[in-house]
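Undergrad: okay, structure incoming, though there's no sequence with it:
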C-alpha cells in the first residue's frame, strides 16, 4: 500500500513552497481524460471536493487544439461522457464545464468506464491525436464491481498512461494493478476527501513533467519509419502510397530509426474497426520486423510504431506516422480460377459437339451402306451375294 504520510508530506511541501500559481506553459500537445467516480459512496458533499480537485488539476495547462486537450467521463453503474477532448478550445470554457457537471450516484463499475474511455473518448472523431501522448487520470473511492484490472491492462497496451488517485476506502491493491508503472509517479492515496482540495495542483506538477518529457523526446529522438514488404509484392513500399496486401499472403511491417542511441525497443500499435492491439520487439540494428503469416481482413486498419529507449536516466519515446493498410482478394488466384472455368467450358463444348456429330453421322452412313448392299446383291452372283451378306453383318456388328 502507498504510505499515506509520504503523500501528505509531498503534497504539503509543494503547497507551502509555491509562491505563485503554477503554470505549465512548456507542455507540448497532450490528450488527457479525467475519469471520475460518481458512485453513491462518494456523496454530494464529498463530490464538491472532487470538483475543487479537478479545477486545481486543469488550471495550470494551456488549453487548445494545438496544446493540451482535456475530456471528462463520470461513471457509476454506467459511464457518461460529460465532454470530449475537442469540445472546448479555451481554459475558461473548460473551467465552466468543471464547475457545472452534476453528481450521478449509483454503483462502481470501473472496468466498464475504463473501456468507455478507449472506445469513446480516445477516438480521432472525439479529438484524440495520434502524435500526442494520452493520459488518463482515474479518481475513485471504492472497489470496482467489475474487472477493472483487465480493462486497465487493455488501455496500457494501447499506450495510454494511467494515473490513479484513490480516496478513503478505495481498494489500493486493485488500483495498483490498474495504474501504470512506476507506482511512485502514477499511484496516489488520500485518506480523506478534504485533502483533494490541494492534491489537484500537485498532480498537475507531475503531469506537466510527463508532458515536458514527451516534448523533449521529440527533440532528442528522430522519428521512426514504417515500411511494408509482402510475399506477393516482393519489395518494401513507402507508407505514403496507400498500402495493400493480398489475402492469405504473409507480410512484414518493419519499424526502423536512424541510429542515435544503442538498444531500445519498438512498439507496433494496430487500430482496427473494433480492436486495438500492441506488439513489442527489441530493436536489432535500430529496427524490428513484425511478421504476419497470413493476411486477412482482421489485419486491415492503421499501424503506428513507437521507439522507446532509456537515455539520460529517462525513458524517451518517439512515434512514427500512421501506415494505413487494406487487405484485398488475391488477383492471381482469381485469374487462375477464370482460366480454369474457360478451359472447362471449352472442353465441355467440344465434347458435346463431338458426341452430337458422332450420333447423327452413324444412321446416315448405315443407310448408305444398306443401299449399296441391295444394289450389289441384285447384280452379283451367288458368291458375291454371300460376300455382300457377310459385309452387311459386319457393319451391323459395328
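TA: In hand now; what should we look at? This is a predicted model, so every value here is computed, not measured.
Undergrad: nearest residue to residue 298 other than its sequence neighbours?
TA: Take residue 298 and drop its neighbours on the chain: the residue closest to it by CB to CB, 6 or more residues apart in numbering is residue 272, 6.9 Å away. All C-beta spots, glycine's among them, are computed from the backbone N, C-alpha and C.
Undergrad: now for that neighbour: which residues touch it?
TA: Under the criterion of CB atoms under 8 Å, 6 or more residues apart in numbering, the contact partners of residue 272 comprise 298-301.
Undergrad: give me the buried subset of the residues you listed.
TA: With neighbours counted by 16 or more other CB atoms under 10 Å, these contain buried members at 299-301.
Undergrad: let me know the closest of the contacts of residue 272 to residue 72.
TA: If you rank the contacts of residue 272 by distance to residue 72 using CB to CB, residue 301 comes first, at 28.0 Å.
Undergrad: ok, which stretches of the stretch 251-398 of the chain are helices?
TA: With helices called from DSSP state H, counting those that start in this stretch, the stretch 251-398 of the chain shows them at 331-379, 382-397.
Undergrad: cool, and the stretch 101-250 of the chain?
TA: With DSSP H, counting those that start in this stretch applied, the stretch 101-250 of the chain shows helices at 110-116, 148-157, 172-178, 183-186, 196-220, listed in chain order.
Undergrad: and residue 352, how far from residue 343?
TA: According to CB to CB, to the nearest Å, residue 352 stands 15 Å off from residue 343.
Undergrad: residue 95: which element?
TA: Under the criterion of DSSP states H and E, residue 95 resides in helix 91-100.
Undergrad: name the residues of that helix that are buried.
TA: 91, 94-95, 97-98.
Undergrad: chain center to that helix: distance?
TA: Its chain's C-alpha centre lies 32 Å from the corresponding centre of helix 91-100 when counted by CA atoms, centre = their mean, to the nearest Å.
Undergrad: can you pull out the low-pLDDT segments for the protein?
TA: For the chain, residues meeting the criterion pLDDT under 70 lie at 1-20, 218, 231-242, 312-314, 330-339, 361-398.
Undergrad: out of the buried ones among the contacts of residue 272, who's nearest residue 184?
TA: For the buried ones among the contacts of residue 272, the nearest to residue 184 is residue 301 (35.9 Å; CB to CB).
Undergrad: residue 126 and residue 69: what is the separation?
TA: Separation of residue 126 from residue 69 (CB to CB) stands at 10 Å.
Undergrad: of those two, which one has the most company?
TA: Between residue 126 and residue 69, counting by other CB atoms under 10 Å, residue 69 is the more crowded of the two (26 against 19).
Undergrad: between the helices of the stretch 101-250 of the chain, which one is closest to residue 122.
TA: Using CB to CB and comparing those, the one that lies nearest residue 122 is helix 148-157, at 8.5 Å.
Undergrad: narrow the contacts of residue 272 to those in strands?
TA: Taking DSSP state E, the ones among the contacts of residue 272 that sit in strands are residue 301.
Undergrad: of the contacts of residue 272, which pair is most distant in space?
TA: Every pair in these was compared (CB to CB); the two farthest apart turn out to be 298 and 301, at 8.7 Å.
Undergrad: can you give the domain ranges for the protein?
TA: Recorded structural domains for the chain (assignment: automatic domain parsing) are 4-219, 225-331.
Undergrad: just want the most central residue of the chain.
TA: With the centre of the chain defined as its mean C-alpha position, the nearest residue by CA atoms, centre = their mean is residue 271, 1.9 Å away.
Undergrad: what sits against that one?
TA: With contacts taken as CB under 8 Å, 6+ apart, residue 271 has the following neighbours: 301-304.
Undergrad: quick check: bridge partners of it?
TA: Residue 271 has the following beta-bridge partners by DSSP bridges: residue 276, residue 302.
Undergrad: that one and residue 159, how far apart?
TA: The value you get for residue 271 to residue 159, if CB to CB is used, is 10 Å.
Undergrad: overlap in contacts of these two?
TA: Shared contacts of residue 271 and residue 159, defined by CB under 8 Å, 6+ apart, are not found at any residue.
Undergrad: give the buried subset of the contacts of residue 271 as a ChimeraX selection command.
TA: Under the burial definition 16+ other CB under 10 Å, those of the contacts of residue 271 that qualify are selected in ChimeraX by:
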select :301,303,304
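Undergrad: would CSV of the contacts of residue 271 with distance to residue 252 be doable?
TA: Formatted as CSV, the contacts of residue 271 follow (distance: CB to CB, whole Å):
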residue, distance to residue 252
301, 16
302, 17
303, 12
304, 16
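Undergrad: which of the contacts of residue 271 lies closest to residue 281?
TA: Residue 281 lies nearest to residue 303 out of those, by CB to CB, at 13.6 Å.
Undergrad: surely residue 255 touches residue 223?
TA: No: with the criterion set as CB atoms under 8 Å, residue 255 and residue 223 do not qualify as a contacting pair; they are 11.1 Å apart.
Undergrad: quick one: which of the two has more around it?
TA: residue 255 (27 against 14).
Undergrad: quick one: contacts for the more buried one?
TA: Residues in contact with residue 255 (CB under 8 Å, 6+ apart) are 224-226, 266, 268, 281, 287-288, 290, 305, 307, 320.
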